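Undergrad: next comes the sequence, and after it the predicted model I'd like to discuss.
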Amino acid sequence: MSTTPELVIRGGTVVDATGERRADVRVVGGVVVEVADGLAVPEGATVLDAGGCVVAPGLVDLHTHLREPGREEAETVETGTRAAALGGFTAVVAMPNTDPPLDSAESVRNVYALAEGAMAQVAVAGAITVGRAGERLAPMAELAALGVRLFTDDGDGVQSAGLMRRALQYATGLGVTLGQHCEDRSLAAGGTMHEGAWSSRLGLPGMPSEAEEVMVARDIALARATGGRVHFLHLSTAGSIDLVRRARADGVPVTAEVAPHHFTLTDGCASGYDPVFKVNPPLRPQEDVDAVKAALADGTADAIATDHAPHAPELKDLPFDQAPPGMLGLQTALALAITELDLPLARVLALLSWQPAAIAGLDPAHGGAQGAPVAPGSVANLCVIDPGATWTVDPTAFASRSRNTPYAGRTLTGRVRHTVLAGEPVVIDAEAQR
Amino acid sequence: MSPFPSHLLSMDDLDAATIAEVLRVTDSFAEVGRRANPKVPALRGRTVATLFFEDSTRTRMSFETAAKRMSADVLSFSAGSSSVKKGESLRDTIETIQAIGMDAVIIRHSSSGVPARVAEWVDHCAVVNAGDGWHQHPTQALLDLYTVRQSLGGGQEGTDRFRGLRVTIVGDIRHSRVARSQITAYAALGAEVTLVAPATLLPPSLEGWPIAGVSHDLDAVLSGTDVISLLRLQAERGSGAYVPTMREYSAGYALTARRALQLPTDAIILHPGPMIRGVEIASDAAELPSARITDQVGNGVAVRMAVLFLLLGQGSLEGEAA
């Protein structure tokens, strides 16, 4: 990776886990060396203008589908991390539901190799079970030895309670976290959208809220019993949020993420049968959207995660019930949070940067360099955000290989201006530099 | 009356006055059907395609007969014999068909929402929903209304007789596009619709549905029923699992001649077909004089002529004169 020898980010307001202050940031050799107001610019240094902007630790996405290997027509590590950088992310956690799935040391090493020189750090989430088939445990210790800190069969939940309990017991010995895609197959199988008034009217098979909630409740019981850490992926219902809120109050070791589409869109969006609104877990009614927002406001949700799920256009032209679920998310997540959540920017950044970094084990406390305070000695993984800038979502301008955003044409507030990856400005003035 | 919509995708597209207009136009075409040479030039030079991605000989024949009686050129496309089997996408199929040049496409598909999507993709081409998934089957509902109006007699023109009419729909409402269209259609004309089914065969939510009530006891509602419509148990859609056995279902919900005795004497029995005798309707009930099942099939052609005429025949597209 080419590192700009010296870089000064000038005129911005630094916001990180320690607070907020007017300061310029000087970076040498990829590391922050000075954070102070009115820094002089040394000769030969690159200057990034941050006037009117916020300088923050780079964003960290707990939930990205990079699709490589196996579905390169939808996304690659290269295009996905470019989209990430443009969205302000300096790290993404790559989901293991690739082909082949990331359930072996070899497949994990392969993704790390693909990610060398990528525009964002790629951390791998390993599969909990071999082939994500939910039958026997994947070699978690081998993967943990390669640095994998989060395991999940995402795309599917671990259906067997017995196997999930065993996985959690095993995980406690490794110090890793299990991410769960909560979906009880016996309740959700065949479902294409939220089961409720809209699915009934549209004549589409539904996935009831309880398909998610019974697995959340089950895994809370298992986390309580084993002491194993469970991270709940993309929670979408008021009932799930309520279960997690109570579990955390009881001190059960669970964390939770929510996705931008679950705090911005409702199941009624599917009324025209456009599969761009098909996603799993499905879009829910307004009361669930309100509960997701409340979870972000009161801390029940620890992170906003994109669930960036690219699909080739021809697949989203299939009938609604046949089209694959999933939406793009990396280039819209921050702006949706700024536009749609009534939260201070520092809180939005906590949800998109240092809190997910800690869950992913990518923060300094776990030996990583993501989500760190903008202070001397920190690796310069940074993003510079213009919180007042408005822009209109144009899918054709996205870096992703796919176009399946449900926000096309929508005007959003808050734009990523620059992204700095280990001292290298990979995005300058909203343009990818490579 | 609002103008006839440019597509017929759902009964939600038609208000009461427009429905009444369809029924009036149907009267004219029913008269054509009774002639020795039942053919009129109303759609001469127009091309109509039937696109059946799901088999239905009855509905396809009914639409094609309707189009031919109006002198339209008819193209018949079935998924089984087309490039769809070779993996061509729905959108490519539609664009190919549109490039050939169609004034109307009549679509049947096992997936809900396909006609609505196609209507967004085509230009200057009317889309008629001939049944999509569990969603809608509007011409079936229209022919039911026409059959009921015919049976009620008195005042051929109006639809006033539907006001307060007690309609009972029995069976697999959850998976039924016919039920969804019927409920909207009857309610639009002021009828009081009651749904009768085991709870597992009702839609998961009835929020916002224009119905008077729901019952799980057929015998309790028969004496207060003016029109009873039986629905097929959609076994091929996995409904078998929604009731323990067909026998148990039939015991509670099949219409038999004995049960039909509880109906008022002038009540009407309808079934959209195909009937599974012995499951939702006993043979003895299907043969009762009050059963209008054969009339429904016959009226289907005239109703579909009316729909095609209202969509294509009146210069509503591009201002062309009929």
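TA: Yep, it's here. Residues are numbered from 1 along each chain as shown, chains lettered A, B, ... in the order given.

Undergrad: burial of residue 73, as a residue count?
TA: Reading this off chain A. For A:E73, the count of nearby residues is 15 (other CB atoms under 10 Å in any protein chain shown). Placement of C-beta: from N, CA and C, glycine included.

Undergrad: wait, I meant chain B there
TA: Neighbour count of B:D73, defined by other CB under 10 Å: 15.

Undergrad: measure the closest residue in space to it that isn't next to it in sequence to B:T59 for me?
TA: Leaving out its chain neighbours, the residue that sits closest to B:D73 by CB to CB, 6 or more residues apart in numbering or on different chains is B:T47, at 4.6 Å. Look at B:T47 and B:T59: by CB to CB, to the nearest Å, they are 19 Å apart.

Undergrad: what about these two, which has more around it?
TA: Neighbours per residue (other CB under 10 Å) separate B:T47 from B:T59, with B:T59 holding more: 23 against 18.

Undergrad: quick one: pLDDT of the more buried one?
TA: pLDDT recorded at B:T59 is 94.

Undergrad: wait, it sits on B:I107?
TA: No - checked against CB atoms under 8 Å, the pair B:T59 and B:I107 is beyond contact range at 10.9 Å.

Undergrad: give me the pLDDT for the residue nearest to B:D73.
TA: With respect to pLDDT, B:T47 scores 95.

Undergrad: OK, contacts around the residue in the stretch 101-250 of chain B that chain A sits nearest to?
TA: Chain A sits closest to B:G113 of the stretch 101-250 of chain B, with a gap of 2.8 Å, by CB to the nearest CB. Counting by CB atoms under 8 Å, 6 or more residues apart in numbering or on different chains, B:G113 touches A:L202, A:G203, A:L204, A:G272, A:Y273, A:P319, A:F320, B:D132, B:G133, B:H135.

Undergrad: which one of the residues you listed is nearest A:E34?
TA: Taking CB to CB as the measure, A:E34 sits nearest to A:G272 out of the contacts of B:G113, at 53.7 Å.

Undergrad: the helix or strand of chain B with the lowest mean pLDDT: which residues count as buried?
TA: Here the helix or strand of chain B ranked lowest by mean pLDDT, DSSP states H and E is helix B:90-100, holding a mean of 85. Of the residues in helix B:90-100, B:L90, B:R91, B:T93, B:I94, B:I97, B:Q98 count as buried by neighbour count, 16 or more other CB atoms under 10 Å in any protein chain shown.

Undergrad: could you export those as JSON lines, including distance to A:R185?
TA: Below are the buried residues of helix B:90-100 laid out as JSON lines (distance: CB to CB, whole Å):
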{"residue": "B:L90", "distance to A:R185": "27"}
{"residue": "B:R91", "distance to A:R185": "30"}
{"residue": "B:T93", "distance to A:R185": "32"}
{"residue": "B:I94", "distance to A:R185": "34"}
{"residue": "B:I97", "distance to A:R185": "38"}
{"residue": "B:Q98", "distance to A:R185": "40"}
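
Undergrad: what is the nearest of the residues you listed to chain A?
TA: B:R91 (4.3 Å).

Undergrad: and the nearest residue to the closest one once chain neighbours are set aside, how far from A:S199?
TA: Once flanking residues are discounted, B:R91 sits nearest to A:D317: 4.3 Å by CB to CB, 6+ apart. Per CB to CB, A:D317 is found 21 Å from A:S199.

Undergrad: next: A:V230.
TA: Applying CB to CB to A:V230 and A:S199 gives a distance of 29 Å.

Undergrad: between those two, who's got more neighbours?
TA: Neighbours per residue, other CB under 10 Å: of A:V230 and A:S199, the larger number sits with A:V230, 28 against 25.

Undergrad: quick one: that one and A:I220 touch, right?
TA: Yes - the pair A:V230 and A:I220 passes the contact test of CB under 8 Å, sitting 7.4 Å apart.

Undergrad: who touches both of the two?
TA: Common contacts of A:V230 and A:I220, defined by CB under 8 Å, 6+ apart, comprise A:V254.

Undergrad: buried ones in the longest helix that chain B contains, by neighbour count?
TA: The helix that spans the most residues within chain B, counting by DSSP state H, is helix B:293-312. Applying a neighbour-count criterion of 16+ other CB under 10 Å, one finds B:293, B:295-297, B:299-312 buried in helix B:293-312.

Undergrad: in which helix or strand does A:D99 reside?
TA: Under DSSP states H and E, no helix or strand contains A:D99.

Undergrad: how about it: what's its closest non-neighbour residue?
TA: That would be A:G70: by CB to CB, 6+ apart, it lies 2.8 Å from A:D99.

Undergrad: surely that neighbour meets A:T98?
TA: Yes - under the criterion of CB under 8 Å, A:G70 makes contact with A:T98 at 4.9 Å.

Undergrad: between the two, point out the one with more neighbours.
TA: Between A:G70 and A:T98, counted using other CB under 10 Å, A:T98 has the larger neighbour count: 23 against 12.

Undergrad: check the more buried one and give its pLDDT.
TA: Per-residue confidence (pLDDT) for A:T98: 98.

Undergrad: return the residues in contact with it.
TA: A:L66, A:R67, A:E68, A:P69, A:G70, A:R71, A:S107, A:V111.

Undergrad: from chain B, how far out is the spatially closest residue to A:E73 that is not a sequence neighbour?
TA: Excluding the flanking residues, the one nearest A:E73 by CB to CB, 6+ apart is A:A312, at 5.0 Å. Computed as CB to the nearest CB, to the nearest Å, the A:A312 to chain B distance reads 11 Å.

Undergrad: okay, now A:A312: neighbour count?
TA: A:A312, neighbours per other CB under 10 Å, totals 17.

Undergrad: how close does it get to A:R403?
TA: Applying CB to CB to A:A312 and A:R403 gives a distance of 9 Å.

Undergrad: now do A:A297
TA: Relative to A:R403, and taking CB to CB, A:A297 is found at 32 Å.

Undergrad: higher neighbour count, these two?
TA: Between A:A297 and A:R403, counted using other CB under 10 Å, A:R403 has the larger neighbour count: 17 against 13.

Undergrad: doesn't that one fall inside a helix?
TA: No - secondary structure of A:R403 (DSSP: H, G, I helix; E, B strand; the rest coil): coil, not part of a helix.

Undergrad: so it touches A:T396, yeah?
TA: Yes - contact criterion CB under 8 Å: A:R403 and A:T396 qualify, at 6.9 Å.

Undergrad: need phi/psi at the residue nearest to B:R91.
TA: Note on A:D317: backbone dihedrals following degrees, to the nearest 10 are phi -90, psi 0.
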